[in-house]
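>>> Prediction below, plus the sequence it came from.
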Amino acid sequence: MGEQQEEFAIRVRDLVVGFGRQTVLDHLSLDVRRGEILGLVGASGGGKSVLMRTIIGLIPRRSGTIEVMGQPIGGRTQGAATAWGILFQQGALFSSLTVRQNVQFPLRENLVLSQELMDEIAIAKLEMVGLRAQDADKYPAELSGGMTKRVALARALALDPPILFLDEPTSGLDPIAAGDFDALIGTLQKTLGLTVFMVTHDLASLTTVCDRVAALADGKIVAIGPMRELLQSEHPWVRAYFHGKRSQMLQHEMR
Amino acid sequence: MNSEPLLLATPSGDALKLRPEGPWTAANVTTLETLSRSVGAEVDRSRGVTLDMSGVSALDTLGAWVLEKLSRRAASSGRSAEFVGVADHFSGLMEEVRQVNRHTPAPAAAPNPVLLRLGDLGKSTVGAREDITIFLQMLGALFMAVVGVLRRPRTLRLTSLVYQLYRIGWQAIPIVVLITFLIGAIIAQQGFFHFRRFGAESYTVDMVGILVLRELGVLIVAIMVAGRSGSAYTAELGSMKMREEIDALSTMGLDPVDVLILPRVAALVIALPILAFIGSIAALYGGGLVAQFYGDMGPAIYIARLHEAISVTHFEVGILKAPFMALVIGIVACSEGLRVKGSAESLGRQTTTSVVKSIFLVIVLDGLFAIFFASIGM
């Protein structure tokens, strides 16, 4: 969709975010191209989630500009559901609603449409993320970890947003489920033409689905590019991340 | 890009050619539904339907589904339906949509309302039996924990007990004193107001004294503690259950009853009689103030009348009930807390149940005690 639209889905310029005396993001700049899957890596507590939450407007920033789809983002954003879908780390499903109602929630709040169509769309979304129609009447407390993530993804995609934010989508999933989830995100990204911004520690996801990977260290993006380039990077933290024992082992096995 | 979506229907012979145009996206859903409904009759009449997608400028899952639904409607009675001119970047989505909603499960049959009511009745009967079982189990577990502590006094969680005493006893004193003081004052005022007509004002003191010491002091305090501390216990234990803290305790070889529940219930059993005593005194004080300022009865006369009217027996009747009420509140609050399931809603529901049930049981217990004390002549 959209040949005439600009090249970048998200543009972050000189972003500074901090809490109290601590500065978490220090003059950070990042561009996310339209239609790509960008993986963001960084140390635990290094500000990955803070960056994501700042872009979606949950955390106030001290200075800098953020543009999403060419629109500047204010300190507090409203009407965001149509602009992006967000998959929170724990799913953040509404526990008092069934799976079906969770997926319908963004539709119901943002559009005027018949209950029949809403039911069909909800089931369609659930089937697209690999769930069955029988699961639609369960409550979030009855779901397994993998199913929760899938339902949360279906809810994030309910309005076909152009941008999808994923916060550690494969954490807590077994390798098979994680692999399925990666494949699913890849497929959806192709069919729906999404831009995906993914915070992850999963090296397998980074190599298999991400078009580009950005490394966040010391409050800045220290390296960005396809996985191949990042492996060549000379930055000490990036080297430690990708050439540590664990990473080496994984990369050998994947070859 | 901002134009309205259109759906042009051109009949050609028996067949129907549909040409959707413009943005078929979720933002225009209301228009899309109207459009697809408007051609419904024509689709049903025609022999075959061709959907010419070349005019679609934007498409998302919702728009694709509306079109797919039209084609399925045409195809449902063995007629032909096909998409032509699907742009490359839409073909993946159209393909995806073609797979969904194929196996809609049969909707559950609407249950018979009479049977539903009967079912509810049966469930709540079984539920009531389960409630009693859980109450007795908790009582038994607490008893075993007490026996364990008596055998090895060092296993008592003294720090936890003192902390709970501080929270539910010490911190509750101001509100308990305020409420019982007001209750005492109100009863005294009503007594003076109504007894004055018979010239029996002096009996107000008897009424206040007996009522407060025997019934109201302990009952009001127990109800307040059930609302204030019982709900806190349920919510605490419930969220610990939700976050698997209780399972973690059990796997470390510790009994949650010893570690969490015994200190809480014991603190209640110790604190409630003390609070009831303080509350009763505050109520008598409130009555005395009203006697002075409203009933023209000086403190000396009030105290002298009180001395005649009440005896230690009245005080005993009241205060003996307190530990039992505390036990009921504690057991109900803790067992409801442990019944919390995964969701936030369940936590709220169990907390409500806990408060409602413990207040109900406190009042029932008070009634049983009234019968008992009357029959032994206290």
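Okay, I see it.

>>> Which strand or helix spans B:Glu336?
helix B:312-338 (DSSP states H and E).

>>> all helices in the stretch 1-150 of chain A, in order from the N-terminus.
In the stretch 1-150 of chain A, the segments counted as helices under DSSP state H, counting those that start in this stretch are A:48-55, A:99-110, A:115-128, A:145-156.

>>> Export those helices to JSON lines and append columns for mean pLDDT and distance to chain B.
Where you see a C-beta, it was placed from the backbone N, CA and C, and this is true even at glycine. Listed next are those as JSON lines, based on pLDDT from 0 to 100; distance: least, Cβ to the nearest Cβ, whole Å:
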{"stretch": "helix A:48-55", "mean pLDDT": "85", "distance to chain B": "20"}
{"stretch": "helix A:99-110", "mean pLDDT": "85", "distance to chain B": "8"}
{"stretch": "helix A:115-128", "mean pLDDT": "85", "distance to chain B": "4"}
{"stretch": "helix A:145-156", "mean pLDDT": "86", "distance to chain B": "11"}
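
>>> so which of those is the most packed in?
The highest average neighbour count among those, using mean count of other Cβ atoms under 10 Å in any protein chain shown, belongs to helix A:145-156 at a mean of 24.

>>> picking that back up, tell me the angle of the helix or strand just after the helix holding B:Glu336 relative to helix B:312-338?
Next helix or strand after helix B:312-338 toward the C-terminus (DSSP H and E): helix B:344-375. On the basis of axes from the mean of the first three to the mean of the last three Cα atoms, to 10 degrees, helix B:344-375 is oriented at 160 degrees to helix B:312-338.

>>> Tell me which other helices or strands helix B:344-375 touches.
Packed against helix B:344-375 by the contact rule (3 or more Cβ pairs under 8 Å, 6 or more residues apart in numbering or on different chains; DSSP states H and E) you find helix B:217-225, helix B:231-242, helix B:312-338.

>>> which one of these lies closest to chain A?
Closest approach to chain A among these is made by helix B:231-242 (9.4 Å; Cβ to the nearest Cβ).

>>> Go ahead and measure how far that closest one is from the middle of the chain.
Remark: helix B:231-242 is offset 12 Å from the chain centroid, using Cα atoms, centre = their mean, to the nearest Å.

>>> any residues touching that helix, and which ones?
By Cβ atoms under 8 Å, 6 or more residues apart in numbering or on different chains, the list of residues contacting helix B:231-242 from outside reads B:167-168, B:246, B:260-261, B:264, B:330, B:333-334, B:336-338, B:340-342, B:346-347, B:350-351, B:354-355.

>>> any idea which of the helices and strands packed on helix B:344-375 is most buried?
Note that of the helices and strands packed on helix B:344-375, helix B:217-225 is the most buried (mean count of other Cβ under 10 Å), with a mean of 25.

>>> For the closest residue to A:Ala9 other than its chain neighbours, the count of nearby residues, please.
The shortest distance from A:Ala9 to any non-neighbouring residue, by Cβ to Cβ, 6 or more residues apart in numbering or on different chains, is to A:Thr195 (4.0 Å). By the criterion of other Cβ atoms under 10 Å in any protein chain shown, A:Thr195 has 23 neighbours.

>>> Check what pLDDT A:Thr195 gets.
A:Thr195 is assigned 87 on the pLDDT scale.

>>> A:Arg76 too?
What the model reports as pLDDT for A:Arg76 is 50.

>>> and B:Tyr285, what does it touch?
Counted by Cβ under 8 Å, 6+ apart, B:Tyr285 has contacts B:181, B:184.

>>> Mind doing that once more with 10 Å?
B:177, B:180-181, B:184-185 (Cβ atoms under 10 Å, 6 or more residues apart in numbering or on different chains).

>>> try B:Tyr302
So, once contact is read as Cβ under 10 Å, 6+ apart, B:Tyr302 ends up touching B:188, B:202, B:204-205, B:208-209, B:284, B:287-292, B:295.

>>> what ranges do the helices span in the stretch 151-255 of chain A?
Ranges of helices within the stretch 151-255 of chain A are A:175-192, A:203-208, A:227-232, A:236-243, A:245-254, based on DSSP H, counting those that start in this stretch.

>>> Which residue, other than its chain neighbours, is closest to residue 55?
I went with chain A, as the question did not name one. A:Ile66 (5.7 Å).

>>> if you could check chain B rather than the one you did, that'd help
B:Glu21 (3.7 Å).

>>> how about low-confidence regions in the stretch 101-250 of chain B?
Filtered on pLDDT under 70, the stretch 101-250 of chain B yields the residue ranges B:104-107.

>>> For B:Val49, see how far away A:Ile66 is.
For A:Ile66, the distance to B:Val49 (Cβ to Cβ, to the nearest Å) stands at 46 Å.

>>> Oops, could you answer that again for B:Ser124 instead?
Taken as Cβ to Cβ, the span from B:Ser124 to B:Val49 is 54 Å.

>>> So the two - more neighbours on which side?
B:Val49 (23 against 11).

>>> Per-residue confidence at the residue nearest to the more buried one when sequence neighbours are not counted, what does it come out as?
In space, and not counting its chain neighbours, B:Val49 is closest to B:Ala74: 3.9 Å by Cβ to Cβ, 6+ apart. B:Ala74 carries a pLDDT value of 77.

>>> Pretty sure B:Ala74 sits against B:Ser36.
No: judged on Cβ atoms under 10 Å, B:Ala74 makes no contact with B:Ser36 at a distance of 11.7 Å.

>>> what do the two both touch?
With Cβ under 10 Å, 6+ apart as the test, B:Ala74 and B:Ser36 both reach B:18, B:43.

>>> the more surrounded of the two?
When neighbours are counted by other Cβ under 10 Å, B:Ala74 and B:Ser36 differ, and B:Ala74 comes out ahead with 24 against 19.

>>> Could you check how far the more buried one is from chain A?
17 Å (Cβ to the nearest Cβ, to the nearest Å).

>>> Kindly report the same for B:Gln99.
7 Å.

>>> which residues does the residue nearest the centre of chain A form a beta bridge with?
Centre of chain A computed as the mean C-alpha position; nearest residue by Cα atoms, centre = their mean is A:Leu166, 1.9 Å away. On the basis of DSSP bridges, A:Leu166 is bridged to A:Leu87, A:Met198.

>>> wait, it sits on A:Ser49?
No: in this structure A:Leu166 lies outside contact range of A:Ser49 using Cβ under 10 Å: 11.3 Å.

>>> Just the ones in strands from the contacts of B:Tyr302, please.
Using DSSP state E, no member of those falls in strands.

>>> Separate out the buried members of the residues you listed.
Neighbour counting over these (16 or more other Cβ atoms under 10 Å in any protein chain shown) leaves B:188, B:202, B:204-205, B:208-209, B:284, B:287-291, B:295 as the buried ones.

>>> Relative to A:Val12, which of these is nearest.
Nearest to A:Val12 among the buried ones among the contacts of B:Tyr302: B:Leu289, at 67.8 Å, using Cβ to Cβ.

>>> What sits closest to that closest one if chain neighbours are left out?
Here the residue nearest B:Leu289, using Cβ to Cβ, 6+ apart, is B:Ala185, at 6.4 Å.
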